[in-house]
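Q: What follows is a predicted protein model with its sequence.
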Amino acid sequence: MRFVDEFRDAEKAHALAAKIAALCEPGRQYKFMEVCGGHTHTIYKHGLEDYLPETITLVHGPGCPVCVIPMGRVDDAMHLAAQPDVIMTSFGDMMRVPGSEGSFFDAKARGTDIRMVYSPLDSLKIARANPDKRVVFMAIGFETTAPSTAMTLLRAAAEGLRNFSVFCNHVTIIPAIKAILDSPDLRLDGFIGPGHVSTVIGCRPYEFIARDYDRPVVVAGFEPLDILQSIYMLMLQLAEGRSQVENQYSRVVPWNGNLVALKAISQTMELRPYFEWRGLGFISHSALRVRDSYAAFDGERLFEVPGVRVADPKACQCGEVLKGVLKPWECKVFGTACTPETPIGTCMVSPEGACAAYYNYGRMHRQRVAEAAGTGGVTHP
Amino acid sequence: MTASRQPPGGWIAEALREHEEHEEHAGRGQPQRAGRRQPGAADREQQVLDRIDRARKRRPRVREDRITMAHGAGGKATHTLIEAIFLEAFRNPLLEPLEDAASLRLGGARLALTTDSYVVSPLFFPGGCIGDLAVNGTVNDLSVVGAAPRFLSAGFILEEGFPVADLARIATAIRDAADGAGVAVVTGDTKVVERGKADGCYINTAGVGIVERDAALGVAQARPGDAVLVSGPIGDHGVTIMLARGELDIEADVSSDTAPLNGLAAALADAVPGLRAMRDATRGGVATILNEIARAAGVGVDVSEDDIPVRPAVRGAAELLGIDPLYVACEGRLVAVVDGGQADAALAVLRGHPLGAEAQIIGHVTGELPGIVRLKTAFGGTRIVDLLVGDPLPRIC
Amino acid sequence: MMPEHPDLAKVDVSGVRRVINVGLLSDSPPQPGEWVLIHVGFALSKIDEEEAAAALQFLEGIGQAYADELAALAESRIE
């Protein structure tokens, strides 16, 4: 497949790995955060860490849309779904997220009408086909997904649909990155920037990371070679003493983002004063809600939503994992009580969650030492 | 609403206790901060992996108090349900191996017996219909345990209002498929339920076959050094059904691979004395079969992504849908485990048959990492291929 | 492109065809033959062929340098 296969070539990966190894200063440890869950998934799915020297650690960030939804919001969604005549729709990823009364899957088994959709537009279709029902789309995701919800709202308004609304849980990535940078727990050497989010917001919003925090950022694509190249670009910046925002994914990400998408978002949604993130707590101006002018399509206004804050189960350390403070396997319940089959925390649910990715793909003792020595031998013969 | 998940305190507390005991034993308190790979970090990671390994070997328990769609998806939840409910209730030596068909002796004859229900939606799809599946699926379950399929039963559950013309089409398809496989439908049953209580037409078939060879086939026979083969491109059926449902607005030139495998399986068994096991890769796909081999034989299975045949259209659709073809169902493909020394011979036999023309050797059995399926990715990395976890996939067979 | 629905277009990935919404690219609508990035049924961005070629060229370059280095290493061992 074009634009995919070329970026999965093992030989090029070996070459890049050698370049990266050559840039490692002896005795120095490097820690890079891949902000986006899609990157976490790629890293594990393709076994990318096998190519990295022992001294480079990838820390998994908060950019997994499902993972950051706090339990209280899941409970709100369940409550909404249980209202008379409601058909709740959401992406497949949401179906197994545990609320305090079980997941959407469990609610579905109890008779609640919950349907999985591939696109928010599918929810509109369901609304048109069921005029006597009230269809609610549970919107989740970062700036990547928000434009699709915005376009769907615009479409619903244009059609004058009366039985469609959005339960909006869109979040924005920049405040979360800032919260991590301000957290004393973690010292990072640089960021692998989220590629898909950046197609919408562009690369400029990351400039404060380079300017105010003196850390390099490389916006990266989602094929394994993209990520390896981004790590190389980060290492090069460090070696040359630079802190800049660079765009590895320029074939897809325009420096200024997608203006049409940004306009659609701001036309239909506005920033919330604050929003709770799982693990990161309340972060101001970090999420979107439906604007007043689209109140007729706002699930939170049409229905009563309890809005109760629900603490995570005590055993769950998703918060620490989301901040990158704990590796998935360092969580107390990882792989024993919390598995993809019976997840306690969100990080084990989404294929983009660090715990699920590690459990599904990476769960074996590393043989990296031997392999790294193999590639290192070429650069230091 | 009632809580469907057990309150924390049960299994969560249990896991925590186990964790803490282990921590004390290891003489460490707080988990270490991420990334600082001090000496011992790898050891600690290994300890956690060992603990997970023990957790995975615990007796399966169904934690939900209602059946969810995941219980039918062929992955981990299905396995748990079968082992915790059905195997517990019916346990006997013939059932225990959980092969595709039971091998039994009856009045001196060695027979294989199997049953399967078909609830595919839509009923008609490119490459076949529910009738083809109902015959081929049951024929294949018999074929892969080394039996020659002979007789089938067919039970129909019909929904009030179901078009008779559709039923006739299905019956014709069943007859043609049975003729193609050389089996006869010798008994049957019909039930009708009220409108809304079923989705048009469900079919159950049971099948009996005769075992004429001595070799005991079974995934537990796999041993290090064996080769693993697949008889053709994977995922065609599953992708065809997903697209045929029309909900995704996706179209592609794919059709179901539904086919009777008795000829292919017999050819392999006749020509390759080192044949250890065969499975047809239906729900849960090839990945599930590989895990069943690893678990039943207590071996590791290493496969190479580059060697696993997947048609471009299937790969494209899987990429669009964000699914892994390794987990997508086939209805006319078998996975075979053979003595490593006879791998090429087995490949030649498969490729010499029309249904195995695109067969491949996809990997081998190892003594390392028992119970684990390891994939060498096309990118050159390594990763685990686990059982599928309750993916909300549509009904496909 | 679908003239009756200006917001919709049909994309083809390895012979798999799907109707997607291209409303988010209304600034510069994709033309037949162009590649787009799709997310939940919407085209989010057009793929810039020149940039893709440049990225590949970089990777090829590294691959070549690596091959040369390997060759040099092999030769040095022979001596």
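A: Alright, I've got the coordinates.
Q: Near chain A, which residues of the stretch 51-200 of chain B are found?
A: For the stretch 51-200 of chain B, the residues in contact with chain A (CB under 8 Å from any CB of the partner chain) are B:51-52, B:55, B:63-64, B:66-70, B:76-77, B:80. Just so you know, the C-beta spots here come from the backbone N, C-alpha and C atoms, and that holds for glycine as well.
Q: From B:Asp249, how far out is the closest residue to chain C within chain A?
A: Distances between chain A and chain C by CB to the nearest CB are smallest at A:Ser119, namely 2.9 Å. In this structure, A:Ser119 and B:Asp249 are 8 Å apart, going by CB to CB, to the nearest Å.
Q: overlap in contacts of these two?
A: C:Gly41 (CB atoms under 8 Å, 6 or more residues apart in numbering or on different chains).
Q: low-scoring pLDDT stretches of the chain, where are they?
A: If you meant another chain, say so; for now it's chain A. A:1-4, A:363-381 (pLDDT under 70).
Q: wait, I meant chain B there
A: For chain B (pLDDT under 70), the answer is B:1-42, B:390-397.
Q: The lengthiest strand in it: what's the following helix or strand?
A: Longest strand in chain B, counting residues (DSSP state E): strand B:147-159. Using DSSP states H and E, the helix or strand that follows strand B:147-159 in sequence is helix B:164-181.
Q: Identify the residues contacting that next one?
A: With CB under 8 Å, 6+ apart as the test, helix B:164-181 has contacts from B:123-124, B:128-132, B:134-136, B:139, B:149, B:152, B:154, B:156, B:158, B:184-185, B:200-201, B:203, B:260, B:262.
Q: Among these, the buried ones, what's the PyMOL command?
A: Of those, the buried ones can be selected in PyMOL as follows, counting by 16 or more other CB atoms under 10 Å in any protein chain shown:
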select buried, chain B and resi 123+128+129+130+131+132+134+135+136+139+149+152+154+156+158+185+200+201+203+260+262
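Q: Strands along the chain, start to end?
A: Picked chain A for this. Along chain A, counting by DSSP E, strands occupy A:30-36, A:56-63, A:86-91, A:114-117, A:134-141, A:164-170, A:190-193, A:217-219, A:245-247, A:269-271, A:274-277, A:281-284, A:288-290.
Q: my bad, the chain I had in mind was chain C
A: C:8-13, C:16-21, C:36-39, C:42-46.
Q: Show me what the last one is packed against.
A: By that I understand strand C:42-46. Applying 3 or more CB pairs under 8 Å, 6 or more residues apart in numbering or on different chains; DSSP states H and E, one finds that strand C:42-46 makes contact with helix A:146-159, helix A:195-201, strand C:16-21, strand C:36-39.
Q: just the third one next, same as before
A: Counting contacts by 3+ CB pairs under 8 Å, 6+ apart, strand C:36-39 is packed against helix A:195-201, strand C:16-21, strand C:42-46.
Q: which residue does the stretch 151-300 of chain A bring closest to chain B?
A: A:Pro224 (4.6 Å).
Q: Can you name the residues that contact that residue?
A: Per CB under 8 Å, 6+ apart, neighbours of A:Pro224: A:7-8, A:13, A:42-43, A:46, A:48, B:379, B:381.
Q: show me the contacts for the residue of chain C found nearest chain A.
A: Nearest residue of chain C to chain A, counting by CB to the nearest CB: C:Gly41, 2.9 Å away. The neighbours of C:Gly41, taking CB under 8 Å, 6+ apart as the test, are A:118-122, A:148, B:249, C:20-21.
Q: Which residues are in contact with the nearest residue to it once chain neighbours are set aside?
A: Of all residues not flanking C:Gly41 in the chain, A:Ser119 sits nearest, at 2.9 Å (CB to CB, 6 or more residues apart in numbering or on different chains). Taking CB under 8 Å, 6+ apart, we find A:Ser119 in contact with A:148, C:21, C:40-42.
Q: Among those, which pair sits farthest apart?
A: C:Asn21 and C:Val40 (9.5 Å; CB to CB).
Q: Pull up the overlap in contacts between the two.
A: The contact sets of C:Asn21 and C:Val40 overlap at A:119, A:148 (CB under 8 Å, 6+ apart).
Q: Assign a three-state SS to the residue in the stretch 201-350 of chain B that chain A sits nearest to, would you?
A: Proximity of the stretch 201-350 of chain B to chain A (CB to the nearest CB) peaks at B:Leu248, 5.9 Å away. Assigned by DSSP: H, G, I helix; E, B strand; the rest coil, the conformation of B:Leu248 is coil.
Q: Quick check: it touching A:Tyr118?
A: Yes - the pair B:Leu248 and A:Tyr118 passes the contact test of CB atoms under 8 Å, sitting 5.9 Å apart.
Q: Mutual contacts of those two, please.
A: Counting by CB under 8 Å, 6+ apart, the residues touching both B:Leu248 and A:Tyr118 are B:Leu321.
Q: which parts of chain C sit against chain A?
A: Proximity of chain C to chain A is confined to C:13-14, C:21, C:23-27, C:35, C:37, C:39-42, C:44-45, C:47-49, C:51-52, C:54-56, C:58-60, C:62-63, C:65-67, C:69-70, C:73, C:76 under the rule CB under 8 Å from any CB.
Q: Mark which of those are buried, thanks.
A: Buried among those by 16+ other CB under 10 Å: C:13-14, C:21, C:23-25, C:35, C:37, C:39-42, C:44-45, C:48, C:51-52, C:55-56, C:59, C:62-63, C:66.
Q: can you redo the strands of chain C as TSV with mean pLDDT and distance to B:His237?
A: Putting the strands of chain C into TSV (pLDDT from 0 to 100; distance: least, CB to CB, whole Å) gives the following:
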stretch	mean pLDDT	distance to B:His237
strand C:8-13	84	20
strand C:16-21	87	16
strand C:36-39	88	25
strand C:42-46	92	29
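Q: Of all those, which one comes closest to B:Leu104?
A: strand C:16-21 (44.7 Å).
Q: Near B:Gly246, how many other residues are there?
A: Neighbours of B:Gly246 under the rule other CB atoms under 10 Å in any protein chain shown: 10.
Q: do B:Leu113 as well
A: B:Leu113, neighbours per other CB under 10 Å, totals 18.
Q: and if you look at B:Glu83?
A: By other CB under 10 Å, the residues close to B:Glu83 number 16.
Q: Distance of the residue nearest to it when sequence neighbours are not counted relative to A:Glu341?
A: Nearest residue to B:Glu83, sequence neighbours excluded (CB to CB, 6+ apart): B:Pro60, at 4.5 Å. Going from B:Pro60 to A:Glu341 by CB to CB gives 10 Å.
Q: can you check A:Asp76 too?
A: 25 Å.
Q: Those two: which is more packed in?
A: Neighbour count, other CB under 10 Å: between A:Asp76 and A:Glu341, A:Asp76 has more, with 24 against 20.
Q: can you list the domain ranges for chain C.
A: Per the record, chain C has its domains at C:1-47, C:48-79, by automatic domain parsing.
Q: Lowest mean pLDDT across these, which one is that?
A: Here the lowest mean pLDDT among the domains of chain C goes to domain C:48-79, at a mean of 70.
Q: hmm, stretch A:287-303 in reach of chain B?
A: No - remark: stretch A:287-303 sits outside contact range of chain B, by CB under 8 Å from any CB, the gap being at least 15.9 Å.
Q: same thing with stretch A:202-219?
A: No - contact of stretch A:202-219 with chain B (CB under 8 Å from any CB) is absent, the minimum separation being 15.3 Å.
Q: mind listing what residue 51 touches?
A: By default, I'm working from chain A. Shown in contact with A:Tyr51 (CB under 8 Å, 6+ apart): A:13-14, A:16-17, A:20, A:228, A:371, A:375, B:380-381.
Q: oops, chain C please
A: Here C:Glu51 is in contact with A:250-251 (criterion: CB under 8 Å, 6+ apart).
Q: residues from the stretch 1-150 of chain A in reach of chain C?
A: So the stretch 1-150 of chain A meets chain C at A:1-3, A:6-7, A:9, A:11-12, A:14-16, A:18-19, A:91, A:118-122, A:144-145, A:147-148 (CB under 8 Å from any CB).
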